[in-house]
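Student: Structure for this input, please:
(2 chains)
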Amino acid sequence: MGSEVIKQLLEKYWQAETSLEEERILTEYFRGQDVAEELESYRSLFDWIGEEAALTAPLGLQERILQQIGTSEPMADEKERQGGYHLNAGRHVERRMPARGMRYAAAAALLLCVVSTFLVARIGGRTTTEPDPGIAQHSGIPAGQHPAPQPSIKDTYDDPEKALAVVRQALLRVSVSMNEGRRITQKNMRLMDHSWQAAVSH
Amino acid sequence: MKDKLFRFAVGLLRNVEEAEDAVQDVMVNMWAKREQWGELNNLAAYCMTAVRNSCLDRLRKRRIVSVQEDSASGLSSPEKNPQESMMDKEMVQRIRACMELLPANQQQVIRLREMEGFSYNEIAEILGLSLDQVKVNLFRARTTIKKLITKEEGIWDPK
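Tutor: Numbering: from 1, shown residues only, chains lettered A, B, ... in the order given. The predicted structure is shown next:
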């Protein structure tokens, strides 16, 4: 880039009117080999900026931060410890996210159990009435000739379509709950993954 | 990100250990508030503001301790002569020394802009200044550095 352009950019720079992109152009120019002689002394300004910007946090800092937030476990393996801080930060996120997802999965599983128990209780409640001799008498089957009680939906609902509808509704509720849990988990995972990677890493 | 926070903290505190502590406090605190990250417009700017606040707290405490120590020992803190601190050093070191003599706002603005590449709006948010104040502080800081360079080197300066 010609020195005239650089001079113009420098003027804008001193006036604090340059964009970040223009400042990047200036930085690249003054860190290059083709700095015009008359501008050579301004190189020290960009050298200073470069030196200051190269300062990094001590290596132990990130480890201390991760330990303090209770994630020293993933770093127990010495080989993994040598694998770099980015890796550990990533592992850290990966380890915590499933734990969070598990909460929703557990909630969904619990819901499934509750719904199943509820259904079985209803079905069981109805099937226990089946050996009622009154019903047997009413159905015309002689006493003592009942088939073995079989707790099935057939015995609970007269109309198989109604039974199917009830089962479908129950499963749909469980499915919606699980999907909701998964949606929330995925949303949080994405958010936290991006944010924490950005925050902990460079 | 932690490097940005660390550099900013070092610039404010001039002490590596204290800067590390400040960054650690802020990041641990940020992790505890991770549920709220989605509500933040700019996580990086928010963290920088938190580090700045933490550093200012530490500086205040340090000042209290310093006053107590001074009154106990009867010694005043030695002030460096700006001229002396700049003598016999390379230009980069002169710029660095010059920076340390700038008002706090100018130092912070120029660091956030030059070293960390934040936009004017982000700097305003981090430091709690208006956009105009950010530009004025940046203008003054750069002008001081420019004068230092042109005065020392007698180089091209259209002004």
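Student: ok, A:E22 to A:A170 distance?
Tutor: When Cβ to Cβ, to the nearest Å is the yardstick, A:E22 and A:A170 sit 64 Å from each other. Heads up, the C-betas are built off the backbone N, CA and C, glycines and all.
Student: Apologies, that question was intended for A:E17.
Tutor: Here A:E17 is placed at a distance of 67 Å from A:A170 (Cβ to Cβ).
Student: And for A:Q68?
Tutor: As for A:Q68, its distance to A:A170 is 46 Å (criterion: Cβ to Cβ).
Student: what's the answer for B:K147, then?
Tutor: The gap separating B:K147 from A:A170 is 79 Å, by Cβ to Cβ.
Student: try B:E39
Tutor: On the measure of Cβ to Cβ, B:E39 and A:A170 end up 37 Å apart.
Student: In contact with the residue lying closest to A:L55 once chain neighbours are set aside, which residues?
Tutor: Distances taken as Cβ to Cβ, 6 or more residues apart in numbering or on different chains put B:R7 closest to A:L55, at 5.1 Å, once the chain neighbours are dropped. B:R7 makes contacts with A:E52, A:A53, A:L55, B:R111, B:M115, B:E116, as judged by Cβ atoms under 8 Å, 6 or more residues apart in numbering or on different chains.
Student: hmm, back to that, neighbour count: B:E39 and A:A170, which is higher?
Tutor: Set side by side, B:E39 and A:A170 give different neighbour counts by other Cβ atoms under 10 Å in any protein chain shown, the larger being at A:A170 (15 against 8).
Student: With A:G2 as the reference, measure out to the more buried one.
Tutor: From A:A170 across to A:G2, the span is 75 Å (Cβ to Cβ).
Student: One more: A:S44?
Tutor: The span separating A:S44 from A:G2 equals 21 Å under the rule Cβ to Cβ.
Student: neighbour count winner among the two?
Tutor: More crowded of A:S44 and A:G2, by other Cβ under 10 Å: A:S44, with 21 against 10.
Student: Give me the nearest residue to the more buried one, chain neighbours excluded.
Tutor: B:M91 (3.8 Å).
Student: Over to B:A19?
Tutor: Distances taken as Cβ to Cβ, 6+ apart place B:A9 nearest to B:A19, at 3.6 Å, with adjacent residues excluded.
Student: where in the chain is pLDDT low?
Tutor: All of this is about chain A. Along chain A, segments meeting pLDDT under 70 span A:1, A:71-157, A:174, A:177-178, A:180-182, A:184-202.
Student: you looked at the wrong chain, it should be chain B
Tutor: Within chain B, the ranges that satisfy pLDDT under 70 run B:66-89, B:152-159.
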